[in-house]
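A.B. asks: this is a predicted model, with the sequence first.
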There are 2 protein chains.
Amino acid sequence: MSLIVQKYGGTSVSDVKKIKHVSRRIIERLEQDHSIVVVVSAMGDTTDKLLALAQSISDSPNPRETDVLLSTGEIVASSLIALTLSEMGFEAISLSGSQAGIVTDNLHGNAMIAKVNAGRILKELDSGKIVIVAGFQGVGDDTDVRLLGRGASDLSAVAIAAELQAERCEIFTDVEGIYTADPRIVADAKKISEIGYEEMLEMASSGAKMQPRSIELGMTFGVPILVASTFNNNPGTLIHGGAKIMNPIVGEIRNRVTGVPSEKNVSKITILGAIDQPGVAAEIFEPLSKAGISVDVIVQNTSNSGTTDITFTVKSAQLKEALEITQISSSNLKINGVSAEDGFGKVSIIGTGMLNVPGYASKMFNALAKASVNIEMITTSEIRITCLVKETQLDQAVRAVHSAFDVG
Amino acid sequence: MSLIVQKYGGTSVSDVKKIKHVSRRIIERLEQDHSIVVVVSAMGDTTDKLLALAQSISDSPNPRETDVLLSTGEIVASSLIALTLSEMGFEAISLSGSQAGIVTDNLHGNAMIAKVNAGRILKELDSGKIVIVAGFQGVGDDTDVRLLGRGASDLSAVAIAAELQAERCEIFTDVEGIYTADPRIVADAKKISEIGYEEMLEMASSGAKMQPRSIELGMTFGVPILVASTFNNNPGTLIHGGAKIMNPIVGEIRNRVTGVPSEKNVSKITILGAIDQPGVAAEIFEPLSKAGISVDVIVQNTSNSGTTDITFTVKSAQLKEALEITQISSSNLKINGVSAEDGFGKVSIIGTGMLNVPGYASKMFNALAKASVNIEMITTSEIRITCLVKETQLDQAVRAVHSAFDVG
């Protein structure tokens, strides 16, 4: 009998009716001769509501107590699923992150999983039970609860799947899988049936919804991850190490682009005329990192005069704070000033097939030029090319690139 | 520095405003040079809401999972208080029942506390923290959560106070203490400043609100218990072993009655003409006990003919079920039938001063007779005399008795 780990997100268990639906899906899977461990998020917007309660008490609520508070959301959802399965005549048991053996470091709010002690899960599986684990949480070596960071129920599921050497980790959500582009922007965006971990990482960090650390963990331990809908039986997207895309046929460029992810609400900050010497970048980016501001694209151009312009992007919601920090940290440097601008978006092409194959970048830039989209910044990784464009032109940029590479 | 254990009930922490009020009270107490452990119930009607959620899934929800579900209510409340104290600049930490070392037997829904391993509480107190413990819950030897039964946050508090040899256990609630009679019935009912454990046990089981097991525990370990209001600084009622009432002045009968508790919604069931032989009572009451039906007053009269009538009372809400069980269990006995009647109330006088002193009963019966109240049943214990009366006459019965003994 093979083992499957399933994860259901908050929108999949937002009320009793949906919990019953999820329970029936679990039973269907069980009856296909699988042992099942289910990882569950809090019902609907429970986590946001609990956080709002904490924030109504304090602007910066005590991190340990916030972890305790928010961890109850997943416990409620897991016990309700176990109750429902029990009512349907199946043996089920809910376990907190601690009981499930999810051991973390001692960082509150955004802990890392150190190991999974799966003894209790295995014992319950052996006795024929369906095991329901509260996601998003683990336990430090002081027996106190730790949260793994927002969206990290995915991580709980993949970690358990890795430890138990599960056949597959199935992430059920309110969308059918990963698409070649945002379907709200590109009408003929197609669902991707298979994708490699590295590509999925780039898709995730460029807007598609799956927690990046969980993909990294899946990659490290070779756990196949299916992303599919809770609400229908359509096939979804399988993320794994042996996806077809890993074996490209040289020359057929258009098949090598897996997707065209995009992101709105991007702002850029530029440090003008910095003296080009060691330590400048650290001086700027360390304080931002300490403040929890995620810096995305970084571009540095060196001029002939020995000074350099450094431009980087942040989420628009963090622009004000990021600008203040940058102004303070750059005040010790010899620079000509700091400027900030809002209203950008990012469009990327992703694909391991692009690796060391020329022509992708120019094709993308041509497509944007034909669509009259001006490119503000460019960065590339081995499997990704990203262009910063005006947010008002983002949709037409995505459509133009998606069409040029015939991804759909 | 002396140690105080405080307990706040659900109505005391029903919203953030009240949680802030409670937090300020905790700090006031702290500043009187006390170490403080706080036990807290779930906010407002949280427990009822969670139970309703479980019951919307199943008529008899899985007991283990119901315990897991309901236990989150107290965890939320305890973390919010710790958050608030932290925001106010005081070091505080919330602990689940399990973390606080409340070890129980393995019965779900109504577990007994086996012991309190107070190591973690003591460690946190030693480091200068205010410790907030989630009430109503403990942990079995399988590391699974167990609930102690409704109203059992009182029990958590007294058990911790006993283990830590606290100076006092303070139960804060939405009433100011224990009264000589229900103030809604008797206008001049007085708050009792001190009462013995045994008397309080009789008061509690006759309607006044405090969990009986917690009083027994306080009595066993000699923990003084203060019952007082969360919302003002009036003195409350102190329950302890050395109350003045324990040293009555012989002859001053009227001072020996501590209170006149009363209870509505009482029904009676009568088994007519049972053969008076050993085993009859067990045959009747064992099935009721197994079904969780609390049988209260039991009266048995033996007639000359060798048969006996057995009458007992149950809560009206349990009458239907109790009657069905009694009809089944009595069908093997030679009896003349089973009858049931609803619409009764109980009025009692309580007082250790009554012990072996004649005259109380006749004075009570006289008072009821003068008020034209017919007595349906009578039972007595060493410190209590209880009369069953028609519910429609209950209020006038309580007023008459309260006035006759000049309790107020």
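C.D. replies: Done, it's in.
A.B. asks: hey, which helix or strand in chain A has the poorest pLDDT?
C.D. replies: Using mean pLDDT, DSSP states H and E, strand A:298-302 stands out as the lowest-scoring helix or strand of chain A, at a mean of 75.
A.B. asks: what's next to it, contact-wise?
C.D. replies: Residues outside strand A:298-302 that contact it (C-beta atoms under 8 Å, 6 or more residues apart in numbering or on different chains): A:Asp276, A:Ala281, A:Phe285, A:Thr308, A:Asp309, A:Ile310, A:Thr311, A:Phe312, A:Met377, A:Ile378, A:Thr379. Just so you know, the C-beta spots here come from the backbone N, C-alpha and C atoms, and that holds for glycine as well.
A.B. asks: was I right to think the second one contacts A:Val295?
C.D. replies: No. Contact criterion C-beta atoms under 8 Å: A:Ala281 and A:Val295 do not qualify, at 10.6 Å.
A.B. asks: mind listing what's buried in stretch A:385-405?
C.D. replies: A:385-389, A:391, A:393-405 (16 or more other C-beta atoms under 10 Å in any protein chain shown).
A.B. asks: now do the buried residues in the helix or strand encompassing A:Ser78.
C.D. replies: Using DSSP states H and E, A:Ser78 falls within helix A:63-87. Neighbour counts using 16+ other C-beta under 10 Å place A:63-87 of helix A:63-87 among the buried residues.
A.B. asks: sorry, back to before: pLDDT added to the contacts of strand A:298-302, as a markdown table?
C.D. replies: Formatted as a markdown table, the contacts of strand A:298-302 follow (pLDDT from 0 to 100):
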| residue | pLDDT |
| --- | --- |
| A:Asp276 | 71 |
| A:Ala281 | 77 |
| A:Phe285 | 86 |
| A:Thr308 | 79 |
| A:Asp309 | 83 |
| A:Ile310 | 85 |
| A:Thr311 | 88 |
| A:Phe312 | 90 |
| A:Met377 | 86 |
| A:Ile378 | 85 |
| A:Thr379 | 83 |
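A.B. asks: helix or strand next in line after whichever strand or helix holds A:Phe344, which one?
C.D. replies: For A:Phe344, the element it lies in under DSSP H and E is strand A:337-350. Later in the chain than strand A:337-350, the nearest helix or strand by DSSP H and E is helix A:360-370.
A.B. asks: contacts for that next one?
C.D. replies: With C-beta under 8 Å, 6+ apart, helix A:360-370 has contacts from A:253, A:256-257, A:347, A:349, A:351, A:354, A:374-375, A:378, A:380, A:385, A:387, A:389, A:397, A:400-401, A:403-405.
A.B. asks: A:Phe172: neighbouring residues, count only.
C.D. replies: 24 (other C-beta atoms under 10 Å in any protein chain shown).
A.B. asks: now A:Gly89
C.D. replies: A:Gly89 - counted by other C-beta under 10 Å - has 7 other residues nearby.
A.B. asks: against chain B, how distant is it?
C.D. replies: Distance from A:Gly89 to chain B, counting by C-beta to the nearest C-beta, to the nearest Å: 11 Å.
A.B. asks: that's a strand at that residue, yeah?
C.D. replies: No. Checked against DSSP: H, G, I helix; E, B strand; the rest coil, A:Gly89 lies outside a strand; its state is coil.
A.B. asks: how about A:Ala371: what's its closest non-neighbour residue?
C.D. replies: Of all residues not flanking A:Ala371 in the chain, A:Ala400 sits nearest, at 3.7 Å (C-beta to C-beta, 6 or more residues apart in numbering or on different chains).
A.B. asks: please identify the helix or strand for the one you found.
C.D. replies: For A:Ala400, the element it lies in under DSSP H and E is helix A:394-404.
A.B. asks: list the contacts of A:Ile192.
C.D. replies: By C-beta under 8 Å, 6+ apart, A:Ile192 lies in contact with A:Gly177, A:Ile178, A:Tyr179, A:Thr180, A:Thr237, A:Thr258, A:Gly259.
A.B. asks: secondary structure element holding the closest residue to chain B within the stretch 301-408 of chain A?
C.D. replies: Closest residue of the stretch 301-408 of chain A to chain B, C-beta to the nearest C-beta: A:Glu321 (21.5 Å). Secondary structure from DSSP H and E places A:Glu321 in helix A:319-330.
A.B. asks: in that helix, what's buried?
C.D. replies: Going by neighbour count (16+ other C-beta under 10 Å), the buried part of helix A:319-330 is A:Leu319, A:Ala322, A:Leu323, A:Ile325, A:Thr326, A:Ser329, A:Ser330.
A.B. asks: re the thing from before, dump the residue contacts of the residue nearest to A:Ala371.
C.D. replies: A:Ala367, A:Leu368, A:Lys370, A:Ala371, A:Val373.
A.B. asks: before we move on, what about A:Asn234?
C.D. replies: Neighbours of A:Asn234 in contact, by C-beta under 8 Å, 6+ apart: A:Glu176, A:Gly177, A:Lys191, A:Ala228.
A.B. asks: of those, which is the nearest to chain B?
C.D. replies: Of all the contacts of A:Asn234, chain B sits closest to A:Ala228, with 25.0 Å by C-beta to the nearest C-beta.
A.B. asks: turn the contacts of A:Asn234 into CSV, including pLDDT.
C.D. replies: Compiled in CSV, the contacts of A:Asn234 are given as follows (pLDDT from 0 to 100):
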residue, pLDDT
A:Glu176, 89
A:Gly177, 89
A:Lys191, 90
A:Ala228, 94
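A.B. asks: max pairwise distance over those: which two?
C.D. replies: In terms of C-beta to C-beta, the contacts of A:Asn234 reach their longest pairwise distance at A:Lys191 and A:Ala228, which sit 9.8 Å apart.
A.B. asks: which one of these two has more residues nearby?
C.D. replies: A side-by-side neighbour count of A:Lys191 and A:Ala228, using other C-beta under 10 Å, places A:Ala228 first with 21 against 17.
A.B. asks: quick one: secondary structure of the more buried one?
C.D. replies: Assignment for A:Ala228 (three-state DSSP): strand.
A.B. asks: residue contacts, it?
C.D. replies: Neighbours of A:Ala228 in contact, by C-beta under 8 Å, 6+ apart: A:Glu170, A:Ile171, A:Phe172, A:Thr173, A:Glu176, A:Gly177, A:Asn234, A:Pro235, A:Gly236, A:Thr237.
A.B. asks: if we can go back for a sec, buried subset of the contacts of A:Ala400 as a PyMOL selection?
C.D. replies: To isolate the buried subset of the contacts of A:Ala400 in PyMOL, counting by 16+ other C-beta under 10 Å, use the following:
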select buried, chain A and resi 367+368+371+373
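A.B. asks: is chain B within reach of the one helix or strand A:Lys49 maps to?
C.D. replies: In this structure, A:Lys49 sits in helix A:46-57 according to DSSP H and E. Yes. On the criterion C-beta under 8 Å from any C-beta of the partner chain, helix A:46-57 is in touch with chain B at A:Leu50, A:Leu53, A:Ala54, A:Ser56, A:Ile57.
A.B. asks: what does A:Glu176 show for phi and psi?
C.D. replies: Dihedral pair for A:Glu176: phi -80, psi -10, per degrees, to the nearest 10.
A.B. asks: for it, what are its contacts?
C.D. replies: A:Glu176 is in contact with A:Lys191, A:Ala228, A:Ser229, A:Asn232, A:Asn234, A:Gly236, counting by C-beta under 8 Å, 6+ apart.
A.B. asks: farthest pair in these?
C.D. replies: Farthest-apart pair in the contacts of A:Glu176 is A:Lys191 and A:Asn232; separation 12.0 Å (C-beta to C-beta).
A.B. asks: which residues of chain A lie near chain B?
C.D. replies: Near chain B, when you scan chain A using C-beta under 8 Å from any C-beta, you find A:16, A:19-20, A:50, A:53-54, A:56-58, A:61-62, A:64-66, A:68-69, A:71-72, A:75-76, A:78-80, A:82-84, A:86-87, A:92-94, A:99, A:120, A:143-144.
A.B. asks: walk me through the domains of chain A.
C.D. replies: A:2-174, A:262-404 (automatic domain parsing).
A.B. asks: worst average pLDDT in these?
C.D. replies: Mean pLDDT per stretch puts domain A:262-404 lowest among these, at a mean of 86.
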